[in-house]
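**Q** how would this look folded up:
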Amino acid sequence: MEHVIGSGFIVDSSGLVLTNSHVAFPRQSLIVGLEDGTSLSAKLVGADPIFDVAVLRIENPPKSALPALSLGDSDLVHVGGEAIAIGNPLGLDQTLTRGTVSAVNRVLPATFFSFQEPLIQIDTPINPGNSGGPLLNQCGEVIGITTAMVQDAQNIGFAIPSNLVKALLPSLLTKGHVIRPWLGFHGQPVDSDLEKLLRIPLVSGFLVEVVEPGSPAEKSGLKGGQLEMTIAGHELLLGGDIITKMNGFELNSADNVIAALEKVEVGSTVSLSVFRLGKDLEISYTVPERPLLPGDIAGQALSTSATSLRPLNSFGRALLPRQKLF
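**A** Below you'll find the model as predicted:
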């Protein structure tokens, strides 16, 4: 049997605990250790491997109310602000480290994370064992969940913003997972600058690089790329379809791509205008709910993740048996 010690924190006096998904999902059993040394069994209420957030519930909490932390407003976090991390680095429980916010809205390359969501970057020292612990501001409010560090750097860590966690909580509590539409393809926008750089006939739109096996995109005939290229540091997988419109929206900029995606819902029909080998095509299909994919679970065990932890809160901790996006 393999065990992992992780960090976490109580957000409701009835015994709700927040931590990272890569700490708690999927696990055979979960045990939460409180500050006074009490060990209590817990169950997984909900988890989202994509954004790396999980909710646990202590099954037989003490009769007295547990101390709970409150989630603050991560939109108010600014560079230079104080950041305090509490966790169990290397099994040293109830450890507090202090530093500053070194960047906000930091989007990491896919080599670091399986999702492209803006994170809070901190120089607060974190180590294996801190994953899932709270990142606090000077008022003692949780502004993020500590999730990863860059191993070969000095004090470069990342936290999931508290406002993202707030947005996920309702679905995690009621459904156990986050409902997302599944388009089934990945890629990047093609703009005029990229067209000039490549010096080959292209159109502005969204370049399809990868089509997920078994997805509605694959079943509808959408084509991904085959030719890997790196030009001036820009990595591309060429040869796939270029989507010029989605449900009538011109996909000629990153902002337009985001705006079009925000309108896609489970059960709706997506209509794509596609440029392929000099020809214009129309492809449409019904959008299902995105299932849990093999890469979601594998992507949890990131080389950069601060795993090996013990959930802790204000001030509880938990011993946890271890174990992009369209």
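**Q** Buried residues in the helix or strand hosting residue 275, which are they?
**A** Using DSSP states H and E, the secondary-structure element containing residue 275 is strand 269-276. Counting neighbours by 16 or more other Cβ atoms under 10 Å, one finds that the buried residues in strand 269-276 are 270, 272-276. Every C-beta, even on glycine, is put in place using the N, C-alpha and C of the backbone.
**Q** Tell me, please, where in the protein the pLDDT is lower than the cut-off.
**A** Applying pLDDT under 70 to the predicted model, the residue ranges of the chain that meet it are 1-2, 109-116, 191-202, 297-326.
**Q** which helix is the longest one in it?
**A** Secondary structure of the chain per DSSP state H: the longest helix is helix 162-175.
**Q** Show me which residues of it are buried.
**A** Taking 16+ other Cβ under 10 Å as the neighbour-count basis, helix 162-175 is seen to contain the buried residues 162-165, 168-169, 172.
**Q** strand partners of the strand holding residue 275, parallel vs antiparallel please.
**A** When pairing is defined by DSSP bridges, strand 269-276 lines up against strand 242-246 (antiparallel), strand 279-286 (antiparallel).
**Q** nearest to residue 56, of those?
**A** With Cβ to Cβ, the closest approach to residue 56 among the strands paired with strand 269-276 belongs to strand 279-286: 35.0 Å.
**Q** what's next to the closest one, contact-wise?
**A** By Cβ atoms under 8 Å, 6 or more residues apart in numbering, the list of residues contacting strand 279-286 from outside reads 216-217, 219-222, 241, 244, 267-275.
**Q** buried ones in it?
**A** Using 16+ other Cβ under 10 Å, the residues of strand 279-286 that count as buried are 283, 285.
**Q** Kindly export it (C-alpha atoms) in CSV.
**A** Extracted C-alpha coordinates of strand 279-286, given in CSV (Å, rounded to 0.1, in the frame of the first residue of the first chain):
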residue,chain,number,x,y,z
LYS,A,279,-11.4,24.0,-49.0
ASP,A,280,-14.1,25.2,-46.8
LEU,A,281,-16.2,22.7,-44.8
GLU,A,282,-19.1,22.7,-42.4
ILE,A,283,-19.0,20.4,-39.4
SER,A,284,-21.6,20.2,-36.6
TYR,A,285,-22.3,17.9,-33.7
THR,A,286,-24.1,17.8,-30.3
